[in-house]
Structures are given as structure tokens and as C-alpha cells.
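Student: please work out how this folds:
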Amino acid sequence: MALDREEIMQIVSEIWEDLLDTDVEEDDDFFDLGGYSLLIVNVVTEARKRGLEMSANDIYTHKTPAALADALSAPAAGAPADGPADPDFSTVWETGLSPLRTEPSPTLVPLVAEGTGTPVFCFHWGTGNVRFLADLVDSFRGERPAYGLEMVGMWSRERPALSLVEMASRYLRDIRAVQPEGPYLFVGPCAGGRIAYEIARQLEESGEQVAVLAVVNTMPPGSTELDAAWGLRELYDFRLASLRERFEVPDLLTDQERLMRGMVDIAWLDENVDPADLHWRQAVWAAGIFAQEHYEPRPYGGEVTVFQLAEHADRPEADWGRVAATTETHTFESAGTLPLLRDAGFAQVLAKKLASYAG
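Tutor: Numbering: from 1, shown residues only. From the prediction side, this is the model:
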């Protein structure tokens, strides 16, 4: 039986009150109450548990309980199609190419090719790009060369793997083309920390050694921030909705130059990305997050050097000791991954850690 407007408003208000720990009136704005993008995932999950079908975009578009109730209780038949003009996930994904139909694209990018000693390998974060680190690696690499691993699909239409283990195996082959044997030096910011962890685990399994495995604002594998039941379409829709909200555009096609410049400024997008690839990049993001969220880790017998935000320090799910034999943890008061990467104190500690390996 379909829920009526009052029932929908009651469900939404109760969920918001529980998650935001505040009283909610029917005309209260979700974001004004302290809501944020990742919390929307919890709202959608809880609503579905109570029989209310909604999407992340519904909350971004209709920001109050009353507006949500009006939208979700309105008859679907004959409703005007006044939503965002962005192409749907299937349309974008179909422009991609199976690995059976295209040559594998390289994932290894020289960040600083010159140098001496064992190279430092840095891994892409959630948006799949890594080239922005070229401006940051000098603060910690010493005299070593530095390379980045970027996600498949960044500069081609090759579809990326939907498995983090498969993704890591692909990157490891490219790493070995530069450095056939260990010990290795890895730095993984944000989502890249889990990739670095899985590669280190695979190397350990084959008898190789990782001298430094540094993760930067990375939650340990096995913890999740999104709904595991979400598929690629829902992740893609969530991504587009969050971008529309952040950059205050009705869709990614409107004021696209400003939107893309804004994404470059916060390192979510590389310079010189073809505007025609903007939605494809978001589909690649969805694939990467899907792989992250469904990764089932195995234990690692080596050490993980953890650079964490102070706001996460007391969270039990942030404990890397659950998956690694040894951890060395450093805590910083930073506003996010990029500010942490730019923090002089962080760079000093990481540089010292990398320099401790004499190779």
C-alpha cells in the first residue's frame, strides 16, 4: 500500500531527528540542520527499511520533509519530466569499451621521473586521478623518483575493473615494469590507501617486502560509508546529485566551465579534461567506489603507517590494527585529505619515514 503525504513526512522527520539528533519541523532544510552528503546515504537506507523508496537526488532536490512528502506522494503518471538534464548511468557506461575490445591503457604516471634510489609509488584517490600529486611529492620524496597510479578510464573509454583485488593486480603489473623487485615504498591517500594495502598484501603473499606502506586519511578496509546494496547506477546518481549541490548547478551541463574549474581547484579533476568526458569520469568514480565498498580484506603481516584526521581518532572502525599486524599512527588537525597532504607537519613525518629506508 502506497504511503500518503503525512506518513512520508513523518518517516522523513523521524529519520532526520535520529541521525541529526535535533527536532525537525516540516519546513526545515536538511543541510541547514547539519546534514551532509554521506549522511544522505543513511537517510535513503533507513527510508527504504521503512518502506519509503527514495534516492539521494530526491533529498538534494527537495530539502525539507514537506517538499519530500509532496514529491514522493505525487502520482508518477503524467508527471512532467523536469529533472536534471544529465545522461543516466546506462547511457554513459555504454560508451565505454570492454577490455576485450581495446588495448589496456597505462595506469603508471611519472610524477617526478628524475631521482635516485627506490621510487615512491603514490595511488589515486576516489576520483581516480593522481596527477595533482606532482605538485606535492617534492615535500616528502627526498631525492627519490615518484610515480602515480591512476584509475583505468581516466584518459580512455576502457571500462575499469569492479573488483579492488583485480584493480590492484593490474597496478602491480605496471609497478613491476618500473621496479621488478622490492622492497617497495607506497603512499595511498584516501581511497588509494586501500589499494596500496591490497597491493602490499599481494606482494607479501608472493614473498616480496614493502618497506613503507603509508595511508593518508583512509578508513581501513572492511569498513563502509555507503550502502553496500547500492549498484553502479545509484552510486553514479549520488555522485551527480552531490556535485549539483556543491556547485549549485541544475545539472553538470549548465555552467560547465565553472563547475570543471571548481573540480580542478580541489583536485577532483585533472587539468585539460575534455568536457565531453565529464559524465564518463563520474561513471568511473562510481565503479571505483563500488570496488572499494565490496572489498573483503585479508590480513597483512607488515606495518601500516597511518596518517589520520583528529576527528576520526576515536572511531573504532578507524583502527588499522584490525587488518594489519603493526601500525604506526600520526594524527593531524586537518579539514580533509587534500589539506592533510599539504600540511608541512605531515610531509615532514612522511619524508622521515621514507628516508628511514636506505635503499
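Student: dump the residue contacts of residue 249.
Tutor: For residue 249, the contact set (CB atoms under 8 Å, 6 or more residues apart in numbering) comprises 243, 255, 259. Just so you know, the C-beta spots here come from the backbone N, C-alpha and C atoms, and that holds for glycine as well.
Student: which one among those residues sits at the bottom for pLDDT?
Tutor: Among the contacts of residue 249, residue 255 carries the weakest pLDDT, at 91.
Student: how many other residues sit next to that one?
Tutor: 15 (other CB atoms under 10 Å).
Student: please shift the residue numbers so they start at 550 in all later answers.
Tutor: Done: numbering now begins at 550, and the last item shifts to residue 804.
Student: what about it, distance to residue 824?
Tutor: 12 Å (CB to CB, to the nearest Å).
Student: same question for residue 674.
Tutor: For residue 674, the distance to residue 824 - CB to CB - is 22 Å.
Student: out of those two, which sits in the more crowded spot?
Tutor: Per other CB under 10 Å, whichever of residue 674 and residue 824 has more neighbours is residue 674, with 27 against 12.
Student: residue ranges in the stretch 750-899 of the chain under the pLDDT threshold?
Tutor: Nowhere does the stretch 750-899 of the chain drop to pLDDT under 70.
Student: my bad, should have said the stretch 550-699 of the chain
Tutor: Low-confidence segments of the stretch 550-699 of the chain (pLDDT under 70): 550, 624-632.
Student: what are the ranges of the helices in it?
Tutor: 554-569, 586-598, 605-610, 614-622, 638-642 (DSSP state H, counting those that start in this stretch).
Student: the stretch 800-908 of the chain: strands as residue ranges?
Tutor: Along the stretch 800-908 of the chain, the segments classed as strands by DSSP state E, counting those that start in this stretch run 849-858, 873-881.
Student: neighbouring strands - and their directions - for the shortest one?
Tutor: Each strand that strand 873-881 pairs with, and the sense of that pairing, follows from DSSP bridges: strand 849-858 (parallel).
Student: buried residues in the strand it pairs with?
Tutor: Going by neighbour count (16 or more other CB atoms under 10 Å), the buried part of strand 849-858 is 849, 851-858.
Student: need these in TSV (columns: distance to residue 606).
Tutor: Formatted as TSV, those follow (distance: CB to CB, whole Å):
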residue	distance to residue 606
849	38
851	42
852	42
853	37
854	39
855	35
856	34
857	32
858	28
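Student: need the max-distance pair from the residues you listed.
Tutor: 851 and 858 (23.3 Å; CB to CB).
Student: still on that earlier bit, quick one, which of the strands of the stretch 800-908 of the chain gets closest to residue 744.
Tutor: In terms of CB to CB, the element of these nearest to residue 744 is strand 849-858, at 13.0 Å.
Student: can I get that closest one as CSV, trimmed to CA atoms?
Tutor: Output in CSV follows, covering the C-alpha atoms of strand 849-858 (Å, rounded to 0.1, in the frame of the first residue of the first chain):
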residue,chain,number,x,y,z
TYR,A,849,48.5,-8.1,6.2
GLY,A,850,51.6,-9.1,8.2
GLY,A,851,53.6,-5.9,7.7
GLU,A,852,53.4,-2.4,9.1
VAL,A,853,50.9,0.3,8.1
THR,A,854,51.9,3.9,8.8
VAL,A,855,48.6,5.7,9.3
PHE,A,856,48.0,9.5,8.9
GLN,A,857,44.6,10.2,10.3
LEU,A,858,42.3,13.1,10.9
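Student: residues in contact with the residue nearest the centre of the chain?
Tutor: By CA atoms, centre = their mean, the chain has its centre lying nearest to residue 675, at 2.8 Å. Shown in contact with residue 675 (CB under 8 Å, 6+ apart): 739-740, 834, 837-838, 841.
Student: of the buried residues of strand 849-858, closest to residue 621?
Tutor: Residue 621 has its nearest neighbour among these in residue 858, at 35.4 Å by CB to CB.
Student: and that closest one, how far from residue 636?
Tutor: For residue 858, the distance to residue 636 (CB to CB) stands at 35 Å.
Student: same thing with residue 832?
Tutor: With CB to CB as the criterion, residue 832 and residue 636 are 9 Å apart.
Student: who's more crowded, these two?
Tutor: The residue with more neighbours, out of residue 832 and residue 636, is residue 832; 28 against 19, by other CB under 10 Å.
Student: how many neighbours does the residue lying closest to that one once chain neighbours are set aside have?
Tutor: Closest residue to residue 832 apart from its sequence neighbours, by CB to CB, 6 or more residues apart in numbering: residue 641 at 4.6 Å. Around residue 641 there are 20 other residues, counting by other CB under 10 Å.
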